[in-house]
Every structure is written in C-alpha cells, then in structure tokens.
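Engineer: model the structure of this input:
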Amino acid sequence: MFKVETTVLPEKTEMRKTFAATMDSLAEEDKRVVYLDCDLMNSIGMTSFAAKRPEQTVNCGIQEANMIGVAAGMSATGLVPFAHTFGTFASRRVMDQVFVSAAYARLNVRIIGSDPGVTASTNGGTHMPLEDMGMMRCVPDVTIIEPTDSTMLADILRQTKDRYGVFYIRLSRKIADKIYQDGSTFEIGKAAKLRNGTDVTIFTSGISVADALKAADILAGNGISAAVSNMFTIKPIDRRAVVEAAERTGAVVTAENHSVIGGLGSAVAEMLTETVCAPLERVGVRDHFGEVGSVDYLKKVFSIGVEDIVAAAKRAVGRKAAGK
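Structural biologist: Below is the predicted model of the structure:
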C-alpha cells in the first residue's frame, strides 16, 4: 500500500545511500545474499558494505560479462546475488551472459544498472544508457523495474530478494524527487496510480514521474484533466492499467528517461495496438546517442522535460477530439 506525498520535493538522502543501507539490512538478515560489483563500489556507496561483509562481497574488477557469469554460478549454489554496474555495462556489455548464463538457465540473479538515461549526465554518451530497457525486454522472463525514489527502492530490493528469477533494476544513484511517503509498499507488475484524470492518462517511470506530475498541474490550468500512473514495472507491464486508462480517458501519453524505441513507450504502444484504439503520444529520446551535460540541459536537448509532456498531452487530447 502506498501513499503519495502532497508536495514533491527532493529527497534528503541519495538513492545510493538507501541502496547501501537496504543491502546491508538484507545481508544481515539472510546470509545467502551476496553483492557483486565491477570496481564501482564507491560510486554506488557500497565500500562500507564490502569492508563489513567481505564474505558476502565479490569485486569482479572491470569484467562485467564475467560478473554476470559469476552471479549465475552463485545462484546455482543457492545464493542470492545482486550484481551492480553502470546501466550501460549492465545491459549492452553483458547481453549474452544475461541471456544464456542467467535467463536461459532459469537462475536467480538481480542486475542493478545505475545512472540510467540522462542521469549519467557528465559521464557522457558512452555511459548513458538510453536503450537498456529495450534490450532487456527482449530477453524472456526478465523482470524490469525502475524504482522512482528511495522509498520504492528499499521496498523493491526487499521484494526481489525473496523472488526467484532474473531482475533488471534501473536506478539513479543521486538525489531523487520524493514521490512516496515513508513506509509505502508496492506491487511488482502493477502500476501505481498517482493522480486521477478524465481527459488523458500519462504513464511514466523513473525521474520522469515528478515531471509528469508537474505537467498534470500545468494541464489542469489549461482545462485538461490528466491522470498520472507510475509504471515502475516495465516488464511484465500492467496490461489492465493500460487498457482501462485508454478506455476511461481515450488518450494516452508515455514519458520516460529512455529511448522511445523499446522502452515504456513501446510497451504501451504494443498493448494499445492489441486492445484499445486510442491516440498515443510518446515522450522519450528520439533515436539519439547520449552526450555530456547536466540533467536539466539533457532533458531540454532530448525533449523529455515537463513542457514536452504538456505538449504531448495536448496533442493526444487534440487527436482524440479529431477522431485520429
């Protein structure tokens, strides 16, 4: 059960600190929990964990594909591995190992891809995963989750610890906007409805959630009632939520920190083509490589900010009115 904050403000704690604290708690409770990394423990806040729990930590060095193989092997012995690296390396660099060693082998691995999309910021285009969810969606039986804030992250980590399968968890390392009240819990595979509306529904994930809520406020001032749902599970997507929203509001927008190819926008588009005839507008990166810049700058460059969500919602409502 979750409760939404009445005012969206930046959190006081970085996501990586919540990640480290939650992992420490899980490892204390369950000695099967092991943490693997590729020389990025300092970046994700896990150096203290490694010093405290050397028997539950493996630094694989800059060998990401090998790390997934090690995690799969540990899973086969009954351990519960969490394997972290930057999102680019947790997807592009390890696809064969994810496919064959983990998913095809029906093993139990949690892959943590940090700094998704434009949150890679000044690390630049080579380190900016704008396609990671699209790649992971193609692998059978992989669950893809993008925690929105620290409250959701802590709950998701706890849930996945006790679930079997391959998980790709996409998260920002730094300060997120606080969307959910402390103590909130979530159902994996079910969208979290944040705001009711009658004219258009905005499905969103990750850092785009706060922007979607701001866009809904602006739209309300323009006489457009926008519902907002946090589709934090990209796969398996909440099919019922998409169908019901399309039937109820008659127009849909997706907003994501990812390419429009293969991510949330694609998943929703696939659902709509098979079910409800409703106009869909997708806000996401349009077939571009990443580049260096601040998050705000990159949102503007790639047209994935608040104003872009507002414009997309207006287009969707206009198409609905015109019967297109």
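Engineer: distance of Ile62 from Leu171?
Structural biologist: For Ile62, the distance to Leu171 (C-beta to C-beta, to the nearest Å) stands at 21 Å. Bear in mind the C-beta positions are built from the backbone N, C-alpha and C, glycine included.
Engineer: quick one: which of those two has more around it?
Structural biologist: For Ile62 versus Leu171, neighbours defined as other C-beta atoms under 10 Å are more numerous around Leu171 (29 against 12).
Engineer: list the contacts for the more buried one?
Structural biologist: Leu171 makes contact with 15, 19, 112-114, 116, 146-147, 153, according to C-beta atoms under 8 Å, 6 or more residues apart in numbering.
Engineer: can we see that at 6 Å?
Structural biologist: Going by C-beta atoms under 6 Å, 6 or more residues apart in numbering, Leu171 touches 15, 114, 147.
Engineer: contacts only, for the last one.
Structural biologist: Shown in contact with Pro147 (C-beta under 6 Å, 6+ apart): 153, 156, 171.
Engineer: now do the first one
Structural biologist: With contacts defined as C-beta under 6 Å, 6+ apart, Met15 is in contact with 150, 153, 171-173, 176.
Engineer: how does it look with 10 Å?
Structural biologist: By C-beta atoms under 10 Å, 6 or more residues apart in numbering, the residues touching Met15 are 44-45, 114, 119, 147-150, 152-154, 171-176.
Engineer: can you report phi and psi for it?
Structural biologist: Main-chain torsions, Met15, degrees, to the nearest 10: phi -60, psi -40.
Engineer: same thing with the second one?
Structural biologist: When quoted as degrees, to the nearest 10, the phi and psi of Ser114 stand at phi -100, psi 160.
Engineer: how about the strands of the protein, start to end?
Structural biologist: All strands of the chain, identified by DSSP state E, fall at 4-10, 33-37, 57-59, 80-86, 109-114, 142-145, 166-171, 177-180, 192-195, 200-204, 226-230, 233-235, 252-259, 280-285.
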